[in-house]
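A.B. asks: dropping a prediction and its sequence here:
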Amino acid sequence: MNIRVLYFGRLKDTAGCSEEQLPWAGGNTATLLAQLRARGDSWAQALAEGQVFRLVVNQQVVRGEADIPPGAEVGILPPVTGG
Amino acid sequence: MNIRVLYFGRLKDTAGCSEEQLPWAGGNTATLLAQLRARGDSWAQALAEGQVFRLVVNQQVVRGEADIPPGAEVGILPPVTGG
Amino acid sequence: MYCHISIQTGGFDLAAEEAALRQHAGDAGALVVFQGMVRAHDTATPLAALFLEHYPGVTEAEIQRIASNAAQRWPLAAVRVIHRVGSLAPGEQIVLVLVASGHRKAAFAAAEYLMDYLKTEAPFWKREDFVDGSRRWVDAKASDDAAAARWG
Amino acid sequence: MYCHISIQTGGFDLAAEEAALRQHAGDAGALVVFQGMVRAHDTATPLAALFLEHYPGVTEAEIQRIASNAAQRWPLAAVRVIHRVGSLAPGEQIVLVLVASGHRKAAFAAAEYLMDYLKTEAPFWKREDFVDGSRRWVDAKASDDAAAARWG
């Protein structure tokens, strides 16, 4: 089973895409971040503490950690700069 | 020589007019207020401390006391309620 | 700083005022507008009209002074103040304040400052004319004095 | 409380929005408007355009949450928020917030609260596209976090 990961803002440059399908054996938001950080230095830096504002699982904003069910849509949000 | 005294807001009701010519032998804003308060209870009440916001002599707002020259225009302002 | 003050009996067009102000606001990133309207049910007896009078000449000078004080406190690009006088029906506009500045914090603060001092320093007087024919000059509010006093 | 939120690429008409809001604002005596514009010279290299993206669905829900929080703090009659996305030239409108309330203090506070939280909670991202062809995602500002934090 996969999850769909969406990237926003500067994270699109890191990912080289705005979204990707990722094989998902189960886990939570911390599992996903650890998995992505392990892809290399640019990922580890882009997703370091303080660089990630919030994760969104199935359109629900996550404060703290949250389970990511298979098939989920997960948005990874850098610090926001609207208004 | 006279001065021209202008009344605003509720002071128009006390004066029964919006302005009057007043004989003026000289003096300052305190002299004028004392003279008007001596006209009777309704005047004394309407011009009591706290009922008068400010006096304006020749279009200059007075803070504290100020001389009133003969021929002057003097506005007597109740507390303002604009905006 | 561009500053334009009008005391008038007629209404105003918010869009036209916004467009005119931006002509004078350069590269300002923030615009704050306050518009006051006559309330029908602020009192026990409904209001037929609000009557406003002022002290011509002195009013404009006092508002100019208030705007200059604001410009000393915050970096403002442009200020526009329109205050109506005469008889106004419920729902009608009374006052319009527009402030353009580089950033929102200054624009918000200056607009609120201008309103607080318009309420407590500018020579306007309101009279409530009620539907039952009675009339009453509005009392100054301690809450307005307190609002102005907080600017120190 | 009436609350209407739009995320759109097109511009907006301040006068039309003001008229529409007042239809829903009942006897409100105070209207505060904030309008943000793209600044050309906020940076060393002049800006060709500001590009904004957002997270559809989540953005609207977050702004609704911010507006509901504001309505719990102040007695608000009506709120309107429009935020543009896409590529915007210097001088163009970015964001519009309108708040109608019975009195000015609540309207000012709520409009400033909405802007502070729009800046720090709503999922928008700005990219500066400069006249020399370079591009840069805008960094979040500590001053914006501080502005939001003061509401406690």
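C.D. replies: Yep, that arrived.
A.B. asks: what's the local residue count around the one residue in chain C that gets nearest to chain B?
C.D. replies: Going by Cβ to the nearest Cβ, chain B is nearest to residue C:124 of chain C, at 2.5 Å. Every C-beta, even on glycine, is put in place using the N, C-alpha and C of the backbone. Neighbours of residue C:124 under the rule other Cβ atoms under 10 Å in any protein chain shown: 27.
A.B. asks: residue C:102 now?
C.D. replies: If we define neighbours as other Cβ under 10 Å, then residue C:102 has 20 of them.
A.B. asks: in terms of pLDDT, where does it sit?
C.D. replies: Note for residue C:102: predicted pLDDT of 95.
A.B. asks: so for the helix or strand bottoming out on mean pLDDT in chain C, what gets flagged as buried?
C.D. replies: Across the helices and strands of chain C, mean confidence by mean pLDDT, DSSP states H and E is lowest for helix C:142-149: a mean of 93. Neighbour counts using 16 or more other Cβ atoms under 10 Å in any protein chain shown place C:144, C:147-148 of helix C:142-149 among the buried residues.
A.B. asks: adding distance to residue D:88, write those residues out as a markdown table.
C.D. replies: Shown next, in a markdown table, are these (distance: Cβ to Cβ, whole Å):
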| residue | distance to residue D:88 |
| --- | --- |
| C:144 | 39 |
| C:147 | 36 |
| C:148 | 38 |
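A.B. asks: near chain B, which residues of chain C are found?
C.D. replies: C:36, C:52-55, C:57-58, C:61-62, C:83, C:94-95, C:115, C:118-127, C:137-141, C:144 (Cβ under 8 Å from any Cβ of the partner chain).
A.B. asks: what subset of these is buried?
C.D. replies: Judged by 16+ other Cβ under 10 Å, buried ones among the residues of chain C next to chain B: C:36, C:52-55, C:58, C:61-62, C:83, C:94-95, C:115, C:118-127, C:137-138, C:140, C:144.
A.B. asks: go ahead and list the helix or strand containing the nearest residue to residue C:85 once chain neighbours are set aside.
C.D. replies: By the measure of Cβ to Cβ, 6 or more residues apart in numbering or on different chains, the closest residue to residue C:85 outside its immediate chain neighbours is residue C:52, 4.5 Å from it. Secondary structure from DSSP states H and E places residue C:52 in strand C:47-54.
A.B. asks: and that strand, which strands flank it?
C.D. replies: Using DSSP bridges, the strands paired with strand C:47-54 are strand C:86-88 (antiparallel), strand C:124-130 (antiparallel).
A.B. asks: for stretch C:46-63, the distance to its chain's centre please.
C.D. replies: Remark: stretch C:46-63 is offset 10 Å from the chain centroid, using Cα atoms, centre = their mean, to the nearest Å.
A.B. asks: center of chain C, which residue is that?
C.D. replies: The centroid of chain C falls nearest to residue C:95 when counting by Cα atoms, centre = their mean (4.2 Å).
A.B. asks: tell me if I'm right that residue C:92 and residue C:11 touch.
C.D. replies: Yes: taking contacts as Cβ atoms under 8 Å, residue C:92 lies within contact range of residue C:11: 6.9 Å.
A.B. asks: sorry, back to before: let me see the confidence value for the residue nearest to residue C:85.
C.D. replies: 98.
A.B. asks: what about chain C, any weak spots by pLDDT?
C.D. replies: By pLDDT under 70, chain C has no low-scoring segment.
A.B. asks: what residues of stretch C:24-36 count as buried?
C.D. replies: Quick answer for stretch C:24-36 (16+ other Cβ under 10 Å): C:24-25, C:27-36.
A.B. asks: got these as CSV, with secondary structure and distance to chain D columns?
C.D. replies: Shown next, in CSV, are the buried residues of stretch C:24-36 (DSSP: H, G, I helix; E, B strand; the rest coil; distance: Cβ to the nearest Cβ, whole Å):
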residue, secondary structure, distance to chain D
C:24, coil, 13
C:25, coil, 9
C:27, coil, 5
C:28, coil, 7
C:29, coil, 4
C:30, strand, 6
C:31, strand, 4
C:32, strand, 6
C:33, strand, 4
C:34, strand, 6
C:35, strand, 4
C:36, strand, 6
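A.B. asks: which of those residues sit farthest apart?
C.D. replies: C:27 and C:36 (28.9 Å; Cβ to Cβ).
A.B. asks: parallel or antiparallel, which strands does the helix or strand containing residue C:5 pair with?
C.D. replies: For residue C:5, the host element (DSSP H and E) is strand C:2-8. For strand C:2-8, the pairing partners within the sheet under DSSP bridges are strand C:76-84 (parallel).
A.B. asks: remind me, longest helix of chain A?
C.D. replies: Counting residues, the longest helix in chain A under DSSP state H turns out to be helix A:29-37.
A.B. asks: which is the succeeding secondary structure element to it?
C.D. replies: Assignment by DSSP H and E places the next element after helix A:29-37 at helix A:41-46.
A.B. asks: give the other helices and strands that that following helix contacts.
C.D. replies: Under the contact criterion of 3 or more Cβ pairs under 8 Å, 6 or more residues apart in numbering or on different chains; DSSP states H and E, helix A:41-46 touches helix A:11-15, helix A:29-37.
A.B. asks: make CSV out of those and add mean neighbour count, mean pLDDT and distance to residue A:51.
C.D. replies: CSV is the format used below for those (neighbours: other Cβ atoms under 10 Å in any protein chain shown; pLDDT from 0 to 100; distance: least, Cβ to Cβ, whole Å):
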stretch, mean neighbour count, mean pLDDT, distance to residue A:51
helix A:11-15, 19, 95, 9
helix A:29-37, 17, 96, 10
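A.B. asks: which residue does chain A have closest to chain B?
C.D. replies: residue A:83 (28.4 Å).
A.B. asks: doesn't residue C:50 make contact with residue C:88?
C.D. replies: Yes: in terms of Cβ under 8 Å, residue C:88 counts as a neighbour of residue C:50; the distance is 4.9 Å.
A.B. asks: my guess is residue C:11 meets residue C:82, correct?
C.D. replies: No: in this structure residue C:11 lies outside contact range of residue C:82 using Cβ under 8 Å: 9.1 Å.
A.B. asks: looking at the two, which has the bigger crowd around it?
C.D. replies: Neighbour count, other Cβ under 10 Å: between residue C:11 and residue C:82, residue C:82 has more, with 22 against 13.
A.B. asks: so what's the more buried one closest to, chain neighbours aside?
C.D. replies: residue C:96 (4.4 Å).
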